[in-house]
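Q: generate a structure from the sequence data that follows.
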Amino acid sequence: MIGSPLSRLHRGFYVDLGKGDHKSSVFLAGSGRSGTTWLSQIINHRRRYRYVFEPFNPREVGPFGHFRTKQYLRPDDRREEFLEPARLALTGRLRDPWTDRFNGRIVARRRLIKDIRANLLLGWMRANFPGMPIILLLKHPCAVVTSRLALGWKDNLSETMEQQELVEDFLLPMEAEIRAAQGDFERHLFLWCIDNYVPLSHFGPGEVQLTFYENLLARPEDELRSLFGALGEPFDGRVDRGLRRPSPLSRKNAPPPSLEGWRAHVSAHQLERAIEILRLFGLDRLYNRGPMPDPSGAYALMDRA
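A: Numbers count the residues shown, from 1 in each chain. Purely as a prediction, here's the structure:
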């Protein structure tokens, strides 16, 4: 679907029948390189949704130009300078070459909005746009970090930590360790922790649909039945074909999705350091030395929300 001639033809020509209602949107969030593009294809395998690609990108989407690349807002923040751009995107009124670049649907009643820069906004989004389904995709941090480093991604940890409200609300207990991070591996790992600790701490059980990358590979039918059920859609067995294909935004000649491919790129010392960092946030109960997640670790954080 993504990047196909059909998508390029349709991307600027569509009718959004759900325009004006944020509840007609499904919001898919996740850390960069966690598989959000891949999952968006799976969700939209029947092309029922208008596909909105990463509207919260301040470098590409004009109305969001004043947002940080990892913007945090408290749930009770009512500033229109932030609400209005979000309202444009979530109600379907935003038209932009960047966000519409992969849309392949001419007439749609629902939107699938996918973004890797909005994790820290999810609690604010739920408070200000209630009733919109939100999916949070999680993937082993070592897999995410090694993928970012392979692509030469620069971290934005310093910019993220400039947000005093974020630090005060969530990061004071581990602030010193975050600011002392050494090297690209550690800095990206701290970013992954912040990116997922904040939304897990904002939501209670049942308030967001958690989806685990590894479960999509290891037990896809169970994970997809849960996901599609949360969206009010029947599970279609044909979606399984999409699970075996890498994301269209994967690097050239990338291997198919894998559970343990990251192990070849993480030393024993790095893995132990990763566990130490995860433990600072309580996220070692979710991901540890093995490839599979323990969802109870995520729900433990949510129980405290």
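
Q: rounded mean pLDDT for stretch 53-66, please.
A: Averaging pLDDT along stretch 53-66 gives 98.

Q: neighbouring contacts of it?
A: Stretch 53-66 is contacted by residues 67-69, 71, 81, 84-85, 88-89, 94, 96, 98-103, 113-118, 121 when judged by C-beta atoms under 8 Å, 6 or more residues apart in numbering. C-betas here are computed from N, CA, C, even on glycine.

Q: let's see it at 7 Å
A: Stretch 53-66 has contacts (C-beta atoms under 7 Å, 6 or more residues apart in numbering) with 67, 69, 81, 85, 88-89, 94, 96, 98-99, 101-102, 113-118.

Q: same deal with stretch 120-137?
A: 22-23, 25-30, 34-36, 39, 70-77, 83, 86, 90, 166, 198-199, 202-203, 207-211, 213, 227, 230-231.

Q: and the pLDDT for the nearest residue to Thr160 once chain neighbours are set aside?
A: What sits nearest to Thr160 in space, not counting adjacent residues and going by C-beta to C-beta, 6 or more residues apart in numbering, is Lys70, at 4.4 Å. You'll see Lys70 listed with a pLDDT of 97.

Q: start the count at 597 instead of 1 going forward.
A: Sure thing, new numbering starts at 597, so read that last one as Lys666.

Q: residues contacting Lys666?
A: Contacts for Lys666 (C-beta under 7 Å, 6+ apart) come out as 713, 716, 752, 755-756.

Q: how near is it to Ala777?
A: Distance of Lys666 to Ala777, given as C-beta to C-beta, to the nearest Å: 15 Å.

Q: same deal with Leu624?
A: Leu624 is 28 Å from Ala777, where distance means C-beta to C-beta.

Q: which one's more surrounded, these two?
A: Neighbour count, other C-beta atoms under 10 Å: between Leu624 and Ala777, Leu624 has more, with 25 against 19.

Q: partners of the more buried one in the sheet?
A: When bridges are called by DSSP bridges, Leu624 pairs up with Lys710, Ile731.

Q: okay but it is in contact with Ala714, surely?
A: No: look at Leu624 against Ala714 with C-beta atoms under 7 Å: they stay out of range, at 9.6 Å.

Q: how far does stretch 636-656 stretch from one end to the other?
A: Terminal residues of stretch 636-656 are spaced 20 Å apart (C-alpha to C-alpha, to the nearest Å).
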